[in-house]
Every structure is written in structure tokens, then in C-alpha cells.
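Peer 1: no FASTA, just this:
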Ligand SMILES: [Zn+2]
């Protein structure tokens, strides 16, 4: 990172003086949020005075961000079966895998699929068994090794290392874009690796959801400092359309609200059982708000089509 859009304020944190979305200079303080899950440090969210985009600022630099991911909790969902919440999570995950495959299949029933931020590779492994040619991008070493070992799929550490000779018919980012430091650079790269008319799938939390408003700074999907961007629908649409993609549709994601609400209840001090009960109730309320009003769900799913140059 050598551009002039930030200066180093303390050894491991960087402060942006430009909006990562519109590049205007005038970030305004918006909210202070605690990292509830790992460091318990406090981080500031700022809103761009020009376009309204919200981002974490200052934020850990590339050399410091790793330690904010170092938690058993952050990866424990993959194999643990300890608690009722974990078991519910496993059921939800299997359902989500089937739903994701169905979504990809509406666009292509075969072909090349790239999953950016593929984690331990469950989604790509599932698609591979359905006959797709799959490739993953995953910066975390342990997850990458597990994906390669368990599913025998090619996984590279960064989007820049995706082989340039092939383009992908479907490119997916499931709750990944909010973690990435260079939004515009990422979209340029996504455009390059997507085939003409290819499908770009982006799932991100939505800070205009009912649960985001209800929980405020305790909203679990702020997830600082791992989440650097805090999107609204207009932000995601703008980012993608400015980089050669055309919006096909925005879809609700019903499973996120109960899960995010449960975590947020934990952050507000409730015990596991009470947080689960309250999370399911308030998450359902959030979903009802989306079903009957124009409120977005806790997270939104965007389908874009690459427009040929
Ligand atoms: Zn802006």
C-alpha cells in the first residue's frame, strides 16, 4: 500500500483521509464500537461527508490486522458441536450451502467458479461435487491449507494471484468485501477475472437493517476492526456499477438477523440461553420488518452481471 490516501498515525494503525468509495476528503465521526469478540479495543467509524459511506477509521494496517483474527471463536463454527447455538448454526450452514448452490445453478449448471475468501472450502467443495471447476482465494494460511487438503481444490492467498489465463463464469464473495482494505482495487481485479456476462455475487451486512438500528454500537455485524466497510445498498450498487457491473437483483438473507441479534445480545451482557432466545425473537422481528417494509435484511445478497467493455 503506497498510495497517499492514508498516513500512519501509530505503528500498526493507518488513518484514511479519503473515502474508500468516492475518494472525497472529509470523513466525519459517526460511532465508536468495541471489538467484542477478540481484542476489546475500541474503534471509530466515520461517515464520508460527500457520499455517506461508513468505514472503520483508523484501522489496523496490513501488518497488524492478523492478530484481530486470532481467535478460536472466529473459526469454531466449522467443526464444533458443543452448544445448542452451534448445532443450530450447523443446520443453518447446510441449508445455506444448498441455497448457494441453487443460486449459482440459476446462472450456470457447470463452468468455472471463483470464491473469494473461501475459508476452509466447504462451498467450493460442494460445487466441485456438483461438477463445477472451482478455484478459491483465502489469505489465512490454516484455512487455505485445510481447503486444499480436505477438498483438493486450488486455493491462492490473494486475488492478485488468481491465474490470469482463465476467466470465471461465477465469482462469489460471501461476507468478504467488508473485510477488504482496497475496495476500488478489488473491484477492478474482480472485473478482470470475471467472464463477459459472468455473475458476481456479493453478500454483505447492511447497516440500514432493523437490527443494525436497534443494537447501535453493539450491533455484532460492525465486527470491528475485521470489518473495514459498513455498507448500505446504495454503496454496494455504486461500487459495482462504477466498475463495469450491472445490478441484476438484491435479495434478502433471512438467516443472518437471528444470528447477528444473538451475538449482539451477548455483547449487551446476556448469557448464552437468554441471548439465543432474544436473538431468535428480535432477529425474527428484524426479518418481519424487511418482509413488510422497505427495510433491508440484516445482510443483503447482490447479483451483478459483468458488462462487456
Ligand atoms: Zn465518499
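Peer 2: Structure's in. What do you need? This is a predicted model, so every value here is computed, not measured.
Peer 1: can you list the buried residues in the longest strand along the chain?
Peer 2: Criterion DSSP state E: the longest strand present in the chain is strand 194-205. Neighbour-count burial for strand 194-205, counted by 16 or more other C-beta atoms under 10 Å, picks out 194-195, 198-205. Glycine gets a C-beta too; all of them are placed from N, C-alpha and C.
Peer 1: what's the burial count for the one residue in the stretch 51-200 of the chain that gets nearest to the ion?
Peer 2: In the stretch 51-200 of the chain, the residue found nearest to the ion is residue 51; the distance is 3.3 Å by C-beta to the ion. Residue 51 has 14 neighbouring residues, counting by other C-beta atoms under 10 Å.
Peer 1: what number of residues are in the vicinity of the closest residue to it other than its chain neighbours?
Peer 2: In this structure, residue 51 finds its nearest non-sequential neighbour in residue 22, 4.2 Å apart by C-beta to C-beta, 6 or more residues apart in numbering. Close neighbours of residue 22, defined as other C-beta under 10 Å, add up to 16.
Peer 1: got the contact list for residue 22?
Peer 2: Residues near residue 22 by C-beta atoms under 8 Å, 6 or more residues apart in numbering: 48, 50-51, 53, 238.
Peer 1: among those residues, name the buried ones.
Peer 2: 48, 53, 238.
Peer 1: just these that are near the ion?
Peer 2: Near the ion, judged by C-beta under 5 Å from the ion, the entries from the buried ones among the contacts of residue 22 are 48, 53.
Peer 1: in helices only, show me the buried ones among the contacts of residue 22.
Peer 2: The members of the buried ones among the contacts of residue 22 that map onto helices under DSSP state H are residue 238.
Peer 1: what does the stretch 1-150 of the chain have sitting close to the ion?
Peer 2: Counting by C-beta under 5 Å from the ion, the stretch 1-150 of the chain sits next to the ion at 19, 21-22, 24, 48, 50-51, 53.
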